[in-house]
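In: need a structure here:
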Amino acid sequence: MTDFPFDRLRRWPDIEAPNLFAFDATDRLLLDTAADALHSVGAGETVMVGDRYGALTLAAAHAGVTGIRTHQDELSGERALDANAVALSITDAGAHAALDASLFRGARLVLLQLPRSLEALAEIAELIARHAEPDVTVFAGGRVKHMTHAMNDVLARYFGSVTASRAQQKSRVLIATKPEAPAGEPTWPAREFHADLNLVVCAHGAAFAGTKLDIGTRFLLEFLEQVPEVPDAIDLGCGTGILATMVARARPAMRVIASDQSAAAVASARSTALANGVAERVTVMRDDGLSSQPDASSSLVLLNPPFHVGATVHAGIAQKLFDDAARVLKPGGELWTVWNSHLGYRPALERTIGPTRQLGRNTKFTVTVSTKR
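Out: Residues are numbered from 1 along each chain as shown. Coordinates of the predicted model:
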């Protein structure tokens, strides 16, 4: 893979900045470690999981691998891969696929960028063990600083053999073979009942916070009774759909859109809305921010913005979501935001949306309401 032009890859439409990159040493190490397998695999027998901006898929296609199935949790990653494929004239690499049984049927080779979440890794490993070919080999790579022995343990639950490569350029690859499908029903999505909210939360492995309520969302829910009686709302970056479900339940006349670019979040939110009896009024969409929503179309947007881009702390993602909310809100519409107080988002909200008032503040979080000018 040494002749593949990694330096031509871009992150667009994801955040681009001097300290954010479209590939890393793990991509290179995965491809080098799996080189023999990539050269011997048949058409349609290769699966890529977690290929953030297309480095794995496009480099493998460049080397002659065909019929690649690729799963990327983030929609921006899919769009980046497609844009990079056009730029490099590699437009027949394969197809995007959901994280389900069909992704792994017939697979004999899986290249995986290790997720940070052990639950995400467990869901992927279980699906491979249940549905891939008996002779499948999994090459799972990551940056050494983000890897733990628990990742080996997770893989060992589903594979008879798990070994590790030597570290190179601060990356390492785990190699898993001899899949052992677990007995019983599939584990995912997981479910948990929260008695204090009378709420069932459903979550796939890669969904942020899993079946728990993250403390920012819990703080925002303290102000639920003050949410205005408007006909429509958007839960932007909906995660497992807790805000969308709770608002829909509190405001029976309201139609709610739950939007997230994460495939795991969208699947989780859809299950959460269904489990709590509001699926008819909650429309769940996979979207890059609010790119599919018309200008000045919404009365209310709810947002608990992330402050990481991958493993990097970066304010760009929050500003992108503020910009989207500003475009989509009707004049006089409101953006309800909960944010880590130390991030000091209020000036950005004032500048981007309009007059901003504080609803509440605790030791970690601030809840604000910004009114669209």
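
In: now the residue lying closest to residue 119 once chain neighbours are set aside: how far from residue 263?
Out: Nearest non-adjacent residue to residue 119, counting by Cβ to Cβ, 6 or more residues apart in numbering: residue 205, 4.0 Å away. From N, CA and C alone the C-beta is placed, and that goes for glycine too. The gap separating residue 205 from residue 263 is 11 Å, by Cβ to Cβ, to the nearest Å.

In: returning to that earlier point: next, count neighbours for the residue nearest to residue 119.
Out: 25 (other Cβ atoms under 10 Å).

In: now do residue 206
Out: 25.

In: Pretty sure it sits in a strand.
Out: No. Looking at residue 206 with DSSP: H, G, I helix; E, B strand; the rest coil, it is coil, so not inside a strand.

In: change the start of the numbering to 64 and stick with it
Out: Sounds good: first residue 64 from here, last item residue 269.

In: low-scoring stretches of this structure, by residue?
Out: Scanning the chain with the threshold set as pLDDT under 70 gives 64-65, 370-379.

In: Centre-most residue in it?
Out: residue 325 (3.4 Å; Cα atoms, centre = their mean).

In: so who does it touch?
Out: Residue 325 makes contact with 136-138, 269-271, 302, 349 under the criterion Cβ atoms under 8 Å, 6 or more residues apart in numbering.

In: want to throw these into TSV with distance to residue 410?
Out: As requested, these are arranged in TSV below (distance: Cβ to Cβ, whole Å):
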residue	distance to residue 410
136	32
137	28
138	29
269	33
270	31
271	26
302	26
349	31
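
In: Show me which of those is closest to residue 217.
Out: residue 269 (13.5 Å; Cβ to Cβ).

In: doesn't residue 186 make contact with that closest one?
Out: Yes. Between residue 269 and residue 186 there is a contact at 7.2 Å, judged by Cβ atoms under 8 Å.

In: tell me, what's touching the two both at once?
Out: residue 162.

In: Check which helix or strand residue 347 maps to.
Out: Using DSSP states H and E, residue 347 falls within strand 345-349.

In: outside of that strand, which residues touch it?
Out: Under Cβ under 8 Å, 6+ apart, the answer for strand 345-349 is 138, 301, 304, 307-308, 311, 318-326, 329, 332-333, 336, 355.

In: So how do I select the buried members of those residues in ChimeraX?
Out: Buried subset of the contacts of strand 345-349, written as a ChimeraX selection, criterion 16 or more other Cβ atoms under 10 Å:
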select :138,301,304,307,308,311,319,320,321,322,323,324,325,326,329,332,333,336
